[in-house]
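Peer 1: what's the 3D shape of this:
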Amino acid sequence: MSINDSALATTDYSVWSKTLHWITALIILFIIPAGIVMTNIGEGALQNNLYNLHRSFGVLVFAIALARVLIRIAHGAPGPAAGLTAFERFASAFVHYAMYVLLLGMPIGGWLMTSAYRVDVSVFGLFTLPHLIAQNEETFKFFQRMHFIGAISLTLLVLMHIGATIKHTFINKDTVLWRMLPKSWGG
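Peer 2: Numbers count the residues shown, from 1 in each chain. Below you'll find the predicted structure:
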């Protein structure tokens with residue numbers, strides 16, 4: 001049995017997958033509201049701090065998402081939960097893959113946007129990312145629009161993901177949520 005076959009034989013995710021999932025969830029539950037607040041408050045120290053945290057956590061999200069993709073490639077993932085309809089299997093796969101694309105693409109787009117605006121991306125004050133492209137207002141505006149569209153898309157996908165989890169937990173009363181929780185929680 002290959003590594004991928006053994007992953008598909010189980011019904012829940014690996015400890016690493018679960019851990020990285022919940023870390024990502026916590027960061028996203030901070031980064032989306034921070035993005036909304038930072039773009040709607042006036043200039044000042046709070047706005048600057050939110051921008052710095054948003055950028056730093058964006059870099060962290062990229063690193064974690066990349067690790068998640070590599071773990072999934074190397075070790076596979078369990079098959080769809082038992083009892084899902086064909087539509088639910090399709091919707092689940094679509095939402096998961098779209099979230100992975102955005103979790104990888106949004107930080108890159110944000111980095112390109114800040115490069116075009118000529119703002120440094122300091123990652124928690126530990127190091128500063130190099131600028132990827134030349135300063136250019138039109139390029140900045142393009143990436144700003146793409147980042148905004150990506151943020152709306154990611155927010156909608158996260159809401160669908162949470163909504164589906166709530167449906168499966170409280171209406172269907174199935175094991176979908178328990179596959180991503182620690183075994184010690186009794187699922």
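Peer 1: please, where are all the helices along the chain?
Peer 2: For the chain, the helices defined by DSSP state H cover 3-9, 15-40, 45-75, 86-117, 137-166.
Peer 1: what angle separates the last one from helix 86-117?
Peer 2: On the basis of axes from the mean of the first three to the mean of the last three C-alpha atoms, to 10 degrees, helix 137-166 is oriented at 150 degrees to helix 86-117.
Peer 1: what count of nearby residues applies to His96?
Peer 2: When counting by other C-beta atoms under 10 Å, one arrives at 14 neighbours for His96. C-beta coordinates here come from the backbone N, C-alpha and C atoms, glycine included.
Peer 1: and of the helices of the chain, who's closest to Pro130?
Peer 2: Pro130 lies closest, by C-beta to C-beta, to one member of the helices of the chain: helix 86-117, at 8.3 Å.
Peer 1: which strands or helices does the closest one pack on?
Peer 2: helix 45-75, strand 121-123, helix 137-166 (3 or more C-beta pairs under 8 Å, 6 or more residues apart in numbering; DSSP states H and E).
Peer 1: wait, which of the helices of the chain is closest to Leu126?
Peer 2: Taking those one by one with C-beta to C-beta, helix 45-75 is closest: 8.7 Å.
Peer 1: now that closest one: mean pLDDT?
Peer 2: Averaging pLDDT along helix 45-75 yields 96.
Peer 1: any idea how far it is from the middle of the chain?
Peer 2: Taking C-alpha atoms, centre = their mean, to the nearest Å, one finds helix 45-75 lying 8 Å from the centre of the chain it belongs to.
Peer 1: helices and strands around that helix, which ones?
Peer 2: helix 3-9, helix 15-40, helix 86-117, strand 121-123.
Peer 1: redo the ones you listed as JSON lines? Include mean pLDDT.
Peer 2: Putting the helices and strands packed on helix 45-75 into JSON lines (pLDDT from 0 to 100) gives the following:
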{"stretch": "helix 3-9", "mean pLDDT": "37"}
{"stretch": "helix 15-40", "mean pLDDT": "96"}
{"stretch": "helix 86-117", "mean pLDDT": "97"}
{"stretch": "strand 121-123", "mean pLDDT": "96"}
